[in-house]
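K.L.:
make a model of this:
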Amino acid sequence: MTSNNTPPPSSAREVAVSVICSVVRDGKSLTDALSLSDTLDPREAAFCRELCYGTLRWYVRLEAVLAALLKKAFKPKDLDIKVLALLGLYQIIYLSTPDHAAVSETVSLCHKGKKSWAKGVLNGVLRNFLRRREGIENTVDSSPGQRFSHPPWLVDQLEKDWGRDLEPILQANNQYPPMSLRVNQNHGARDEYLRLLQIDGVQAEIDPFGTTGLTLHSAVNVDQLPAFWQGACSVQDIAAQLAAPLLNAKPGDRVLDVCAAPGGKTAHLLEIMGQSISVVTIDIDEQRNHRVKENLQRLQLNANVITADGLAPDTWFDGQLFQRILLDAPCSATGVIRRHPDIKLLRKQTDISKLVELQQKLLEAIWPLLDKKGVLLYATCSILKAENSRQIASFMAKHSDAKAIKIEAPWGRPCEHGRQILPGENQMDGFYYACLSKV
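P.N.:
Sure, this is the predicted structure:
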C-alpha cells in the first residue's frame, strides 16, 4: 500500500517539461538533462525522449507559432508554462497524438503545479491554434530560419559558407539520424556480422566508403546487437569511421589522440593496427576519460589514457615524438545537430570566435610533438569554414614545415585544404578532415 503522502509517479510529459527547462534556462546539454527520465518506466521514458528531442528540434519554429497566438509573452518565471505550450503544439503538429488528447493532457498538467491560472491560457492557445493553424504556419514559415527552426545567426553563417546548400543543410539537421555500427574485425568479418543481425531481425546496409561500417534501417538498443558487450561492434557514425584509415598509421608508430573522449576513433585505430602501435590519449575531462577506459575495456584494447590539458604538453609529454597525431578539436558541433538538437539553442554566435582561438592554440601546442615526416589529422564535427578550411589555411601560413596532404576520396567535397562532409550526405554526420605532414 502506498502512503497518502507518496507523490503520484511522474508522467513522460511532466518530466519532459523539467528536461527542456533545464536545457533552456540552465544551459544543460539534453544528454545530461535526460537523466531526469531515468525513473520512468521504459515506454514512458521513450515517449519523454521523443517529446524532448522533437520539441528542441523544432523549438525556434514552435516559439514563433506560440508568439503568434499570445497577446503577451510569458514571463521568464513562467518558462514551465511556455514549455508546456510548446509541448502541446509539438504533439499537434508533429506527432500522431489526437488533437483533443494533446490539448487535455497538456492542460491537465497545470493542476500539478501552483499555476492553475495557466489552465485557461493553455486551453485557449492550443484550441486557437487548431482553428487558425494554416494561416499561422504560413506566416511563420515565410522566414527560412523559422521554417527550418534554426537561430538567425546560424542561418546567416551557413548561407555565407555554403550558399545554395543552405536549405539541404537545414533540412538534414531536422532529420532523425541513423544508427551506425563499426564492426570489430578482430571478432569477425563485417559480412558475417551483417548475417548475425539479419538472423535477429535487424536490417542494415553496408557503408560504401569503409570496411567496417553498417547503417541500421532502424535504431535498436545495444543489448539487441549480437555480442555487443563482448566487443563485436561499437556505435559510431560512418563519418567518424573515416578518421582511423586517414591517419594511415604504420607498425611501430607512436600515436597521440588529443581530445580523445569518448574514444571511438582510438578504438578503431587499435582494432586496425592491434599491438603493432602504441597509443596515448589525452582529454581534459576526467569523467569523459572514464568513458574512454570503459570502451577500451569492452573491446579488450590497450592505450595510455591520460587526463590532462592538450594546451599544456609540458605537464604530460615525455619527450618521445609521435609519428601520427589525431586532433579531434573542440568545435561548434554544427555537423551533428540532428543528433543533438539542443545545439541550436545552446550554441551562441559569440562562441565561434572563442572556439576558433582554442583550436588555433591546440594546433600550435601539439604541432611540436609531431616527428619529421609525421602526419597530423585535424578533425571536427563542424561545418563552419572558420573552424575548418580557414583554420588550416591560417595555420599553414604560419608554419613553413606544414604541408597539406590532399585527401582523394569518394565522400564529401574538397575544400582549399581538407575535405568537408555536409550533414546527411550519404546518411553521414557533418564532418571535416585535413591531413598535414611535417616536412
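K.L.:
give me the contacts around whichever helix in the chain runs longest.
P.N.:
Longest helix of the chain, by residue count under DSSP state H: helix 118-140. When contacts are defined by Cβ atoms under 8 Å, 6 or more residues apart in numbering, helix 118-140 is touched by residues 61, 64-66, 68-70, 78, 81, 84-85, 88-89, 92-93, 99, 102-103, 106-107, 110-111, 146-147. To be clear about C-beta, it is placed using only N, CA and C from the backbone, and glycine gets the same treatment.
K.L.:
check which residues of the lowest-mean-pLDDT helix or strand in the chain are buried.
P.N.:
The helix or strand of the chain with the lowest confidence, counting by mean pLDDT, DSSP states H and E, is helix 99-108 at a mean of 90. Residues 102-103, 105-107 are the ones in helix 99-108 that count as buried (16 or more other Cβ atoms under 10 Å).
K.L.:
quick one: list the elements packing against that helix.
P.N.:
helix 79-94, helix 118-140 (3 or more Cβ pairs under 8 Å, 6 or more residues apart in numbering; DSSP states H and E).
K.L.:
name the stretch among those helices that sits most buried.
P.N.:
helix 79-94 (a mean of 22; mean count of other Cβ atoms under 10 Å).
K.L.:
hang on, the earlier thing: so for A267, which of the helices and strands packed on helix 99-108 sits nearest?
P.N.:
helix 79-94 (36.0 Å; Cβ to Cβ).
K.L.:
I'd like the average pLDDT over the closest one.
P.N.:
Summarised as a single mean, pLDDT over helix 79-94 is 96.
K.L.:
packing partners of it?
P.N.:
So helix 79-94, by 3+ Cβ pairs under 8 Å, 6+ apart, packs with helix 12-24, helix 42-57, helix 59-69, helix 99-108, helix 118-140.
K.L.:
need these in JSON lines (columns: distance to A232).
P.N.:
Shown next, in JSON lines, are the helices and strands packed on helix 79-94 (distance: least, Cβ to Cβ, whole Å):
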{"stretch": "helix 12-24", "distance to A232": "33"}
{"stretch": "helix 42-57", "distance to A232": "24"}
{"stretch": "helix 59-69", "distance to A232": "38"}
{"stretch": "helix 99-108", "distance to A232": "42"}
{"stretch": "helix 118-140", "distance to A232": "46"}
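K.L.:
let me know which of these is the nearest to I284.
P.N.:
helix 12-24 (23.3 Å).
K.L.:
ok, back up a step: lowest average pLDDT across the helices and strands packed on helix 79-94?
P.N.:
helix 99-108 has the lowest average pLDDT among the helices and strands packed on helix 79-94, namely a mean of 90.
K.L.:
C-alpha coordinates for it, CSV please?
P.N.:
Only the C-alpha atoms of helix 99-108 are listed here, as CSV (Å, rounded to 0.1, in the frame of the first residue of the first chain):
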residue,chain,number,x,y,z
ASP,A,99,-5.8,16.9,-31.1
HIS,A,100,-8.2,16.6,-28.1
ALA,A,101,-5.7,14.4,-26.2
ALA,A,102,-2.8,16.8,-26.9
VAL,A,103,-4.9,19.7,-25.5
SER,A,104,-6.4,17.9,-22.5
GLU,A,105,-3.1,16.2,-21.4
THR,A,106,-1.2,19.4,-21.7
VAL,A,107,-3.8,21.5,-19.8
SER,A,108,-4.2,18.8,-17.1
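K.L.:
contacts for that helix, please.
P.N.:
Against helix 99-108 from outside (Cβ under 8 Å, 6+ apart): 13, 84-85, 87-88, 91-92, 95, 97, 119, 122-123, 126-127, 130.
K.L.:
so which of the residues you listed is the closest to L358?
P.N.:
Using Cβ to Cβ, the contacts of helix 99-108 come closest to L358 at L87, 35.6 Å.
K.L.:
would you agree that closest one is in contact with T55?
P.N.:
Yes. Between L87 and T55 there is a contact under Cβ atoms under 8 Å: 5.7 Å.
K.L.:
now do the shared contacts for those two.
P.N.:
What both L87 and T55 touch, as defined by Cβ under 8 Å, 6+ apart, is the set 16, 20.
K.L.:
so who does the residue nearest to D38 when sequence neighbours are not counted touch?
P.N.:
Spatial nearest neighbour of D38, excluding adjacent residues (Cβ to Cβ, 6 or more residues apart in numbering): A45 at 7.5 Å. Counting by Cβ under 8 Å, 6+ apart, A45 touches 12, 37-38.
K.L.:
if we use 10 Å, what do you get?
P.N.:
Residues in contact with A45, defined by Cβ atoms under 10 Å, 6 or more residues apart in numbering, are 12, 15, 34, 37-39.
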